[in-house]
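> no letters, just coordinates:
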């Protein structure tokens, strides 16, 4: 994210919840088209959850989904 700061909104959702309860918290970043893998790893580390998903455009499908952990 270079020297210029960029604000990225991360939504926290509970995956695998049942009847609105439980589940595993995961971060989700929409419109991640301009984020590099380095940016995604940095964001994932700051979110601090086991996984953060990044949604971006795909050349062959409706969208692309990348998962990053705080480690890789």
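Received the coordinates, thanks. Just so we're clear, the structure is a prediction, and the values are computed from it rather than from any experiment.
> quote the end-to-end distance of stretch 41-57.
Stretch 41-57 stretches 18 Å from its first residue to its last (C-alpha to C-alpha, to the nearest Å).
> mean confidence score for it?
With pLDDT averaged residue by residue, stretch 41-57 scores 95.
> okay, buried residues for that stretch please.
The neighbour-count criterion (16 or more other C-beta atoms under 10 Å) identifies 41, 42, 43, 44, 47, 51, 52, 53, 54, 56 as the buried residues of stretch 41-57. Placement of C-beta: from N, CA and C, glycine included.
> check which helices and strands the helix or strand the first one falls within sits against.
Assigned by DSSP states H and E, residue 41 falls within helix 37-47. In terms of contacts (3 or more C-beta pairs under 8 Å, 6 or more residues apart in numbering; DSSP states H and E), helix 37-47 is packed against strand 24-29, strand 52-56, strand 64-68.
> out of those strands, which gets nearest to residue 8?
Across the helices and strands packed on helix 37-47, residue 8 has its closest neighbour in strand 24-29 (6.0 Å, C-beta to C-beta).
> the closest one vs strand 52-56, what angle?
Orientation note: strand 24-29 sits at an angle of 30 degrees relative to strand 52-56 (axes from the mean of the first three to the mean of the last three C-alpha atoms, to 10 degrees).
> strand 24-29 vs helix 37-47, what angle?
The directions of strand 24-29 and helix 37-47 differ by 140 degrees, with the same axes, to 10 degrees as the criterion.
> and strand 24-29, what does it pack onto?
Applying 3+ C-beta pairs under 8 Å, 6+ apart, we find strand 24-29 packed against strand 11-15, helix 37-47, strand 52-56.
> so what does residue 63 look like in phi/psi?
Per-residue torsions, residue 63: phi -160, psi 170 (degrees, to the nearest 10).
> picking up where we left off before, can you lay out the helices and strands packed on strand 24-29 as a markdown table showing distance to residue 5?
Supplementary listing: these in a markdown table, determined by distance: least, C-beta to C-beta, whole Å:
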| stretch | distance to residue 5 |
| --- | --- |
| strand 11-15 | 20 |
| helix 37-47 | 12 |
| strand 52-56 | 19 |
